[in-house]
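In: How does the following fold in three dimensions:
(chains A and B)
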Amino acid sequence: MSTEQDNIRIYIMGKAYEVPGGLTIMKAMEYAGYRLVRGVGCRGGFCGACATVFRRAGDYKLYADLACQATAEDEMYIAQIPSVPAERAPWELSELAPEDNPILALYPEVARCVACNTCTRACPQELEVMDYIQAALRGDIPQVAELSFDCVQCGLCAMRCPAEIVHYHVGQLGRRIYGAYRAPESGHLAARVEELRSGAFDQELDKLERMSKDDLVELYRKRDVEG
Amino acid sequence: MADAYPRSMRESIGRVEATRPERMEAEPQRLSLEERREVLDSFHPDYKEGGKRKLLVGPSQGEFVPHEMADLLEAYPLIDPDQVDLGQADHEVDVLIIGGGGAGTVAALSAHEAGIPADRILITTKLRHGDSNSMMAQGGIQAADKENDSPPIHYLDVLGGGHFGNDPQLVRALVHDAPEVIRWHEKLGVMYDKDADGRMQTIHGGGTSRKRMHSAKDYTGLEIMRVVRDEALSRGIHCLEFCPTVELIRDDRGQVCGAVLWNLETEEYTVVRAKATVLATGGWGRLHIQGFPTSNHYGATADGLVLAYRAGAGLRDLDSVQYHPTGAAFPEQIVGLLITEKVRGMGAHPVNVDGELFVIRWSRVTWSRGRSSASVALPNRGGGDTALLPPREWWGSGWTHRCWISSMGRGRSSASCLRYGGCTLGSISIQQLIQCLPTPRCTTKTVG
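Out: Numbers count the residues shown, from 1 in each chain, chains lettered A, B, ... in the order given. You can find the predicted model right below:
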């Protein structure tokens, strides 16, 4: 673990810093003295704010990852991407018909995919990005939704794509169509909402709201717990 | 598998593993209310003395709040009045929403649905639109929508979880509106986990008497946040990013009529005039109350509470913090990260370093015996289980009641936990251990 490792040397936007080994790139930058404004968010791998590109000594390739998740390595050359100004196509869910499949119309560049798989290699979530773009091309919306589900929308796929595809917006479109129109509706949920709207639980809730603490405690004590 | 851990941890892992067969056979008993109270009074940071002080100034003067919060509420303002020209508004809107997380974004959508044009609504945030605790909520979202469940049953569970100190009206609103909200999400395209016939796949949450926790794989909050943000984008609702609000503006009657923002990039003030201002700024986990790590987003620093207080609003419920029983404490890179309660819902056991059960699955009091560090064992792909370890600085220290949760190996792996395992444990695969300690989370406070 980190405290058992020696210091390493990293380069942040060209300048060298000695930092303890084992830190994430984000913590290494803070250790080096950076006060993070952009390029930092949830610090837990969910929000996609900290897209980072780097290379390793003696390696010409550019790699990408999330700064809060990737571990800084000795002789790593690091730069962060403050934002990705990719365009979200103008569409509204309410204007789509349930049977519509507008992906190609809204994002025609999907058809330019050359299957190079660069997007997949760039993805810090290790998603099969190219596969869901290919699914979009085939009109397979459930597959787009499933394969893109863990996307944190950091934008690294779009930054690397030679065909200028904005993968993460394509995934979002696919997921929303799937969630709203292709996935089966929940019958018990719809029924409960109807009950609530008709006031079916109002009396019981009134009673609970007026109940003394002792009575509530007694009720709570006696409640049965689903196994 | 545990070779990467120091000897003391490995020994403890051995003890945890030794008690596992017996634990998996046993049906744990719940703590009585009296037993819970004893545990709380002895060890819970909210109940112990020393972490709080009386506020010296402002509308809530005399109330006990954590030192970290009092320091902010009693501080001088950030703003330099000479540098701000309130006569010149940079933005004029009907509704200004301060905060770009789940609450702020849904407030914007609600305003839009109520008839306010998108270009008369402005969201502001000090980070990016969507950067929030909402985004990070993994485990799920509760609503009483199954046949064996009901809002009144939900109501009672919530009260019990809150030790009967909750505001009844708020609890009622929560349990009554929850199914409607899930339905709204469904229509917006949130991909809740469902069976082929549309039946929601629900599990227990901490303290629930019915399985009412809905999820969207292991990214429930992320999925909801992505969808509502995308919906706001599609309607043309604008969000000013990297612009923290530094002061609310009040008119000659004392009513809030906008805010002064600070552009973090150009380091200039921005003045917003608004007919209505909504505070949706979230909580204070990043103040690290009483030195605890936090699962909270980087931005959760109580800004909204301070803004409201300075504008004259009283604050309430500042005496309590939600301590999630399972946050990562080792290794260093993931300190404070939440180990979702779903893990407990699926049957994980909270155990101490000796592998003994010390709290119960259905109890809200999920940690005890001092400043215990629960550790969670994540379910691995093939079944079986794992557990995790106390931080180095605790070894040999006074932390004599460190605790663990060892998973019973049901359910699937969490993608995000896999991720943490991958990045933080290096070559160790995720069949291994993540160690936890109580972590303040989602401490949304109310302005009253």
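In: for the stretch 201-350 of chain B, what spans make up the helices?
Out: For the stretch 201-350 of chain B, the helices defined by DSSP state H, counting those that start in this stretch cover B:220-234, B:303-310, B:341-345.
In: Between the ones you listed, which has the poorest mean confidence score?
Out: Lowest mean pLDDT within those: helix B:341-345, at a mean of 67.
In: okay, and for the chain, where does confidence drop off?
Out: Went with chain A since none was named. Residues of chain A meeting the criterion pLDDT under 70: A:1-5.
In: that's the wrong chain, I wanted chain B
Out: If you take pLDDT under 70 as the line, chain B has these spans: B:1-8, B:27-30, B:39, B:43, B:328-338, B:340-342, B:344-347, B:358-448.
In: Domain ranges for chain B, per the record?
Out: Following automatic domain parsing, one gets these domains for chain B: B:2-46+B:321-440, B:141-214.
In: need the helices of the stretch 201-350 of chain B in a markdown table with distance to chain A and mean neighbour count, can you?
Out: Backbone N, C-alpha and C define where each C-beta goes, glycine included. Listed next are these as a markdown table, based on distance: least, Cβ to the nearest Cβ, whole Å; neighbours: other Cβ atoms under 10 Å in any protein chain shown:
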| stretch | distance to chain A | mean neighbour count |
| --- | --- | --- |
| helix B:220-234 | 5 | 24 |
| helix B:303-310 | 15 | 22 |
| helix B:341-345 | 12 | 24 |
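In: Turn the ones you listed into JSON lines, including distance to B:Phe64.
Out: Formatted as JSON lines, the helices of the stretch 201-350 of chain B follow (distance: least, Cβ to Cβ, whole Å):
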{"stretch": "helix B:220-234", "distance to B:Phe64": "31"}
{"stretch": "helix B:303-310", "distance to B:Phe64": "15"}
{"stretch": "helix B:341-345", "distance to B:Phe64": "28"}
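In: Just give the closest residue to the residue most central in space within chain A, not the sequence neighbours.
Out: Central residue of chain A (Cα atoms, centre = their mean): A:Val152, 1.5 Å from the mean position. Of all residues not flanking A:Val152 in the chain, A:Gly48 sits nearest, at 3.6 Å (Cβ to Cβ, 6 or more residues apart in numbering or on different chains).
In: count of neighbours near that neighbour?
Out: 25 (other Cβ atoms under 10 Å in any protein chain shown).
In: Equivalent analysis for B:Glu265, please.
Out: Neighbour number of B:Glu265 under other Cβ under 10 Å is 11.
In: nearest spatial neighbour of it, skipping sequence neighbours?
Out: B:Phe242 (5.7 Å).
In: B:Asp193 too?
Out: Closest residue to B:Asp193 apart from its sequence neighbours, by Cβ to Cβ, 6+ apart: B:Gln201 at 4.2 Å.
In: cool, B:Ala259 as well?
Out: What sits nearest to B:Ala259 in space, not counting adjacent residues and going by Cβ to Cβ, 6+ apart, is B:Thr245, at 4.6 Å.
In: surely that neighbour meets B:Gly104?
Out: No: the criterion here is Cβ atoms under 8 Å, and B:Thr245 misses it with B:Gly104 at 11.5 Å.
In: which residues are in contact with both of the two?
Out: Taking Cβ atoms under 8 Å, 6 or more residues apart in numbering or on different chains as the contact rule, B:Thr245 and B:Gly104 both touch B:98, B:281.
In: Look at residue 173 and say how many residues are nearby.
Out: Went with chain A since none was named. Look at A:Leu173: counted by other Cβ under 10 Å, it has 28 neighbours.
In: meant chain B actually
Out: For B:Ala173, the count of nearby residues is 11 (other Cβ under 10 Å).
In: Equivalent analysis for B:Gly355, please.
Out: Summarising burial for B:Gly355: neighbours were counted as other Cβ under 10 Å, giving 22.
In: For it, give me its contacts.
Out: Contacts of B:Gly355 (Cβ under 8 Å, 6+ apart): B:12, B:15-20, B:23, B:404, B:406.
In: CA atoms only for stretch A:204-219 - export them in CSV, please.
Out: Below are the C-alpha coordinates for stretch A:204-219, written out as CSV (Å, rounded to 0.1, in the frame of the first residue of the first chain):
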residue,chain,number,x,y,z
GLU,A,204,-54.3,5.8,7.8
LEU,A,205,-51.6,8.4,7.4
ASP,A,206,-53.7,10.9,9.3
LYS,A,207,-54.0,8.5,12.1
LEU,A,208,-50.3,7.8,12.3
GLU,A,209,-49.5,11.5,12.1
ARG,A,210,-51.7,12.1,15.2
MET,A,211,-50.5,9.1,17.2
SER,A,212,-48.6,9.5,20.4
LYS,A,213,-44.9,8.5,20.5
ASP,A,214,-45.7,5.6,22.8
ASP,A,215,-48.3,4.2,20.5
LEU,A,216,-46.0,4.6,17.5
VAL,A,217,-43.2,2.8,19.4
GLU,A,218,-45.6,0.0,20.3
LEU,A,219,-46.7,-0.3,16.7
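In: which ones are touching the residue nearest to A:Val152?
Out: Residues in contact with A:Gly48, defined by Cβ under 8 Å, 6+ apart, are A:41, A:66, A:152-155.
In: Same question for A:Ile78.
Out: A:Ile78 neighbours (Cβ under 8 Å, 6+ apart): A:10-13, A:25, A:29, A:52-54, A:67, A:72.
In: So it lies in a strand, does it not?
Out: Yes: counting by DSSP: H, G, I helix; E, B strand; the rest coil, A:Ile78 is part of a strand.
In: returning to what we had before: buried subset of the contacts of A:Ile78 as a PyMOL selection?
Out: Under the burial definition 16 or more other Cβ atoms under 10 Å in any protein chain shown, those of the contacts of A:Ile78 that qualify are selected in PyMOL by:
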select buried, chain A and resi 10+11+12+25+29+52+53+54+67+72
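In: just to revisit the earlier point, list the contacts for the residue nearest to B:Asp193?
Out: Each residue near B:Gln201 by Cβ under 8 Å, 6+ apart is listed here: B:193-195, B:214-215.
In: the strands in chain A, which residues?
Out: A:7-12, A:15-20, A:51-56, A:63-66, A:76-80 (DSSP state E).
In: The last one: how far from the chain's middle?
Out: Spelled out, it's strand A:76-80. 22 Å (Cα atoms, centre = their mean, to the nearest Å).
In: what does the third one give?
Out: On the basis of Cα atoms, centre = their mean, the separation between the geometric centre of strand A:51-56 and that of its chain is 19 Å.
In: check whether stretch B:38-52 contacts chain A.
Out: No: remark: stretch B:38-52 sits outside contact range of chain A, by Cβ under 8 Å from any Cβ of the partner chain, the gap being at least 15.2 Å.
In: State the distance from the nearest residue to B:Glu63 once chain neighbours are set aside to chain A.
Out: Excluding the flanking residues, the one nearest B:Glu63 by Cβ to Cβ, 6+ apart is B:Leu55, at 5.5 Å. Distance, B:Leu55 to chain A, by Cβ to the nearest Cβ, to the nearest Å: 28 Å.
In: ok, B:Leu55 to B:His44 distance?
Out: 22 Å (Cβ to Cβ, to the nearest Å).
In: and the two? which has more neighbours close in?
Out: The neighbour count for B:Leu55 versus B:His44, taken as other Cβ under 10 Å, is higher for B:Leu55 (20 against 17).
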